[in-house]
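[1] Please find the sequence and the predicted model below.
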Amino acid sequence: MSAAELAIAEKDLIKNGFLDIDIDPTMNLEEEIEKLKKEKNAIILAHYYQESDIQDIADYIGDSLQLSQMAANTEADVIVFAGVHFMAETAKMLSPNKKVILPDLKAGCSLADSCPPHLFKKFKDKYPDHVVVSYVNCTAELKTLTDICCTSSNARYVIDSIPEDKGIIFAPDKNLGAYLQKVTSRDMILWNGTCMVHEIFSHEKITKLKLRHPDAEFIAHPECEAHLLEIADYIGSTSGLLKYTQTSDSKKFIVATEAGIIHQMELKSPNKEFIPAPPNNTCACNDCPHMKRNTMEKLYLAMKYEMPEIILEDWVIEKGRVCIDRMLEISDKAGLNTNNKVS
Ligand code: 13P
Ligand code: SF4
């Protein structure tokens, strides 16, 4: 098969969603991806939950807020999102004239899936005077039904920006919602959604680990269940957790969030020890199966063929981005600006 024929065949497979394509094993994927970046004026944005080889080749790495700030400000022509579907949709809404590529369109999110827009619309209609705050981990269509978006790093500021006399609906994560009720003392109506990764940690095994490592601090993401947050020494977003491990005097941490973040923790604090919090069964459940759908091979092919591409209807972009712009405005006012260029 000639190179041109191979390219047509590969493109056809990707178009039809068959992404597990064999790539020449002698190819240096890092080098090829670097070449494609320059050739196409593309940037790779990677979430902390990506595989370490993807994190290492990314131009920017960050939490959900940082990545949306980067997507809003980049001058690149092509944004390659090494993350999940809702993150790439957010990037498209913020940069509608750019091409946004997600290496695997099936990289979804259990939280986003737990809140179907047609059901949420009925729920929201029961509370017409309430302000709707949605965690950014939701579909683009859900954002069209939302007043203000938030991420785990700015959620407190978003809730605090809402007048005291206003009721609040919070969707889709009931754990983050319950945590916010506690720290802001605001009463909120919560949608009943959860993240499949953060609800799987075992209280019993974590308690035993804490006993075995009395010098370790237990740190947790606010998507974890309340009983775990109650025993945490620090609670924060992925970037918050990362920063905490750098500034804390402790040398050992039990980390209750997706295991991908540990790569950056080890890079930033090579002399500290990081123990992934164990799940309540024997599988590798603190790996997000959606985040981990992205591989170096899929990233390379996505950049080569500029697909799969995120396409959104104009009305979704126009209506959906209003709540994201409000969130970014509140974050700017709070000084939550970041620039996480890799290297
Ligand atoms: P943050 O990186 O914003 O903390 O979000 C965590 C997460 O679950 C993303 O899917
Ligand atoms: Fe969604 Fe949880 Fe995976 Fe994040 S870790 S993408 S919230 S399923």
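    Looks like it arrived, so ask away. Ligands and ions are numbered 1, 2, ... in the order given.

[2] tell me the contacts of the residue in the stretch 1-150 of the chain that ligand 2 sits nearest to?
    Nearest residue of the stretch 1-150 of the chain to ligand 2, counting by C-beta to the nearest ligand atom: C109, 3.2 Å away. Placement of C-beta: from N, CA and C, glycine included. The neighbours of C109, taking C-beta atoms under 8 Å, 6 or more residues apart in numbering as the test, are 84-86, 137, 195, 290.

[3] Out of those residues, list just those in helices.
    Among those, the members falling in helices (DSSP state H) are 85-86.

[4] which two of the contacts of C109 lie the greatest distance from each other?
    Spanning the widest gap among the contacts of C109 are H85 and C195, at 14.4 Å by C-beta to C-beta.

[5] Helices of the stretch 101-250 of the chain, start to end?
    Per DSSP state H, counting those that start in this stretch, the stretch 101-250 of the chain carries helices over the ranges 110-113, 117-125, 140-143, 155-160, 174-184, 203-212, 226-229, 238-247.

[6] So which of these is nearest Q66?
    Closest to Q66 of the helices of the stretch 101-250 of the chain is helix 238-247 (C-beta to C-beta; 6.2 Å).

[7] hmm, who's touching the closest one?
    Helix 238-247 is contacted from outside by 47-49, 62-63, 65-66, 152-153, 219, 221, 234, 236, 253, 255, 257-258, 261, 264-265, 268-269, 272, 274, 338, 340, using C-beta under 8 Å, 6+ apart.

[8] which of these come close to ligand 2?
    49, 258 (C-beta under 6 Å from any ligand atom).

[9] And the buried ones among the contacts of helix 238-247, selectable in PyMOL?
    Applying 16 or more other C-beta atoms under 10 Å to the contacts of helix 238-247 leaves a buried subset, and the PyMOL line that selects it is:
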select buried, resi 47+48+49+62+63+65+66+152+153+219+221+234+236+253+255+257+258+261+264+265+269+274+338+340
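
[10] neighbours around the nearest residue to S153 once chain neighbours are set aside, how many?
    Leaving aside its sequence neighbours, S153 sits nearest to S237 (C-beta to C-beta, 6 or more residues apart in numbering; 4.0 Å). Other residues within reach of S237, judged by other C-beta atoms under 10 Å, total 24.

[11] Now do S237 against L145, distance only.
    Separation of S237 from L145 (C-beta to C-beta, to the nearest Å) stands at 24 Å.

[12] before we move on, what about D165?
    For D165, the distance to L145 - C-beta to C-beta - is 22 Å.

[13] Compare these two (neighbour count), which wins?
    Each of D165 and L145 has its neighbours counted (other C-beta under 10 Å); L145 has more, 23 against 6.

[14] so how far is T139 from that one?
    To T139, L145 is 10 Å away according to C-beta to C-beta.

[15] Mutual contacts of those two, please.
    P117.

[16] Need the winner for burial among the helices of the stretch 101-250 of the chain.
    Greatest average neighbour count among the helices of the stretch 101-250 of the chain goes to helix 140-143 (a mean of 24), per mean count of other C-beta atoms under 10 Å.

[17] Now do it, average pLDDT.
    For helix 140-143, mean pLDDT is 98.

[18] ok, E141 touching W315?
    No: judged on C-beta atoms under 8 Å, E141 makes no contact with W315 at a distance of 10.0 Å.

[19] What does the pLDDT read for K341?
    In this prediction K341 is given a pLDDT of 47.

[20] Show me which residues of the chain sit near ligand 1.
    Counting by C-beta under 6 Å from any ligand atom, the chain comes close to ligand 1 at 48, 63-65, 137, 151-153, 195, 223, 237-238.

[21] can you rerun that using 5 Å?
    63-64, 151-152, 237-238 (C-beta under 5 Å from any ligand atom).

[22] Among the residues you listed, give me the pair with the biggest separation.
    Using C-beta to C-beta, the pair of these lying farthest apart is T151 and T238, separated by 9.6 Å.

[23] residues shared between the contacts of those two?
    Common neighbours of T151 and T238 (C-beta under 8 Å, 6+ apart) are D63.

[24] the longest helix in this structure is where?
    In terms of residue count, the longest helix belonging to the chain (DSSP H) is helix 314-333.

[25] what helices or strands is that helix leaning on?
    helix 64-73, helix 85-94, helix 140-143, strand 148-150, helix 155-160 (3 or more C-beta pairs under 8 Å, 6 or more residues apart in numbering; DSSP states H and E).
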